[in-house]
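Asker: sequence plus predicted model, see below.
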Amino acid sequence: MTDRVPYREAIALQPTSLKTCLETISKRLETLDVKPISEGPVALVGIGASLYAAHVAAAQMRSQGLRAFPLPGGDLYDPSIDAANAYIAFSASGRSEEPARAIELRPSAETYGIAKAGGTPISRVVKHMIATESGTDSGPNTTSYLGSLLAAALIADKAGTPSTANWAQLPDLVATVLESTAAQAEKAGRMLAGKKSIDCVGARCAYGTAGYAALLIREAARVAAQDWDTLNFLHGPMEPNDSDSGVLLFGDGREVKLAKDLAAFGIPSVLVTSETDITDAENLVVITVPAFANQIGAAILQALPAQLLIATLSEELGLPVCNFRYRQTDTKRD
């Protein structure tokens with residue numbers, strides 16, 4: 001695609017991209033009927049990075065009184081399944097086959113689409129389209145992923161109990177976080193370089209961030225990675241970890257003690273948190289981001305150092321641009 005740039009270049013574009021997204025989405029929401037979302041339940045449908053955006057968005061919407069849950073598009077291939085009152089299809093490119101087909105099979109449902117641009121295949125199957133206009137992107141997705149999260153946040157504010165977030169502050173805050181976390185993200189990336197596997201851990205909105213990070217690691221750095229809910233990770237999944245693997249954690253709660261415990265066990269660990277009284281230790285790199293507004297605001301900021309450290313991982317392998325080795329022909333629509 002002609003609007004793709006190297007991964008690290010796209011990361012740097014995100015403050016400017018979010019300014020455009022905020023203006024575009026806010027204007028669209030002035031006339032968008034969100035009553036079906038308010039009444040719920042609403043299924044947030046996606047695949048790949050967009051499925052993880054749906055996880056983040058659903059957790060945020062539930063915190064604002066909306067009945068929302070994420071589903072992969074394939075779970076809705078049976079048209080007899082009446083899962084929700086409304087459906088929101090997330091597709092960063094607007095071309096993903098699975099959410100488009102799920103929506104297409106429900107012509108009488110109230111359906112919404114979130115993608116980087118209008119005029120995409122997803123816009124032809126939904127009743128209400130929200131184009132973020134996030135602009136130039138990379139492989140794996142950067143600007144379009146954050147644009148999707150911002151769209152979901154603004155929808156949640158309109159359809160649910162309004163948050164206190166000042167979204168106008170977000171673009172400048174993103175620029176600040178990219179600069180302030182760069183050195184620690186570089187340190188974290190070098191610590192995790194060469195590991196055989198990396199687990200990504202978080203809860204609620206941060207569980208979606210963990211999924212997004214794990215996907216980026218697999219795509220950009222070609223390292224085996226898996227996402228885990230924080231408490232679930234304690235119940236056995238952490239057993240294979242050792243000095244040859246790594247763990248990337250997002251959060252301010254149980255994740256803090258877990259990160260310290262893992263480091264003490266000799267497992268290289270990275271903690272992305274808004275807590276300010278935690279410092280690096282042997283096997284532990286701490287990346288501090290500001291607390292912002294609500295869970296989805298934190299998810300946007302926490303994604304930034306994850307992107308940066310994964311850029312380091314990919315560059316260490318000589319992969320500054322993500323080109324899929326095993327691209328499939330039936331995952332995108334024209």
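Answerer: Received, thanks. Numbering: from 1, shown residues only.

Asker: for the rest of this, base every contact and every neighbour count on C-alpha atoms.
Answerer: OK.

Asker: pLDDT wise, what is Met1 at?
Answerer: Note for Met1: predicted pLDDT of 42.

Asker: same question for Glu316.
Answerer: 88.

Asker: next: Glu110.
Answerer: 97.

Asker: tell me how far the spatially closest residue to it that is not a sequence neighbour lies from Gly46.
Answerer: Leaving aside its sequence neighbours, Glu110 sits nearest to Ala86 (Cα to Cα, 6 or more residues apart in numbering; 4.8 Å). For Ala86, the distance to Gly46 (Cα to Cα, to the nearest Å) stands at 14 Å.

Asker: kindly report the same for Lys27.
Answerer: On the measure of Cα to Cα, Lys27 and Gly46 end up 24 Å apart.

Asker: these two - which one has more neighbours?
Answerer: A side-by-side neighbour count of Lys27 and Gly46, using other Cα atoms under 10 Å, places Gly46 first with 29 against 11.

Asker: ok, now which ones touch Ala264?
Answerer: Ala264 makes contact with 282-283, according to Cα atoms under 8 Å, 6 or more residues apart in numbering.

Asker: which phi and psi does it have?
Answerer: When quoted as degrees, to the nearest 10, the phi and psi of Ala264 stand at phi -70, psi -30.

Asker: domains in the protein, by residue range?
Answerer: 7-162, 170-316 (automatic domain parsing).

Asker: closest one to Gln328 among those domains?
Answerer: domain 7-162 (11.5 Å; Cα to Cα).

Asker: Arg325: how many residues sit nearby?
Answerer: So Arg325, with other Cα under 10 Å, has 8 neighbours.

Asker: before we move on, back to that, and the residue nearest to Glu110, how many neighbours?
Answerer: 21.

Asker: wait, it sits on Ala109?
Answerer: Yes. With contacts counted by Cα atoms under 8 Å, Ala86 reaches Ala109, the gap being 6.3 Å.

Asker: can you map out the strands along the stretch 1-150 of the chain?
Answerer: Along the stretch 1-150 of the chain, counting by DSSP state E, counting those that start in this stretch, strands occupy 42-46, 68-72, 86-90, 110-115, 128-131.

Asker: again, but for the stretch 151-300 of the chain
Answerer: 197-202, 224-229, 245-250, 269-273, 284-288.

Asker: could I get those strands in a markdown table, plus columns for mean neighbour count, mean pLDDT and distance to Thr161?
Answerer: Formatted as a markdown table, the strands of the stretch 151-300 of the chain follow (neighbours: other Cα atoms under 10 Å; pLDDT from 0 to 100; distance: least, Cα to Cα, whole Å):
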| stretch | mean neighbour count | mean pLDDT | distance to Thr161 |
| --- | --- | --- | --- |
| strand 197-202 | 26 | 98 | 24 |
| strand 224-229 | 20 | 98 | 26 |
| strand 245-250 | 27 | 98 | 25 |
| strand 269-273 | 28 | 98 | 26 |
| strand 284-288 | 25 | 98 | 29 |
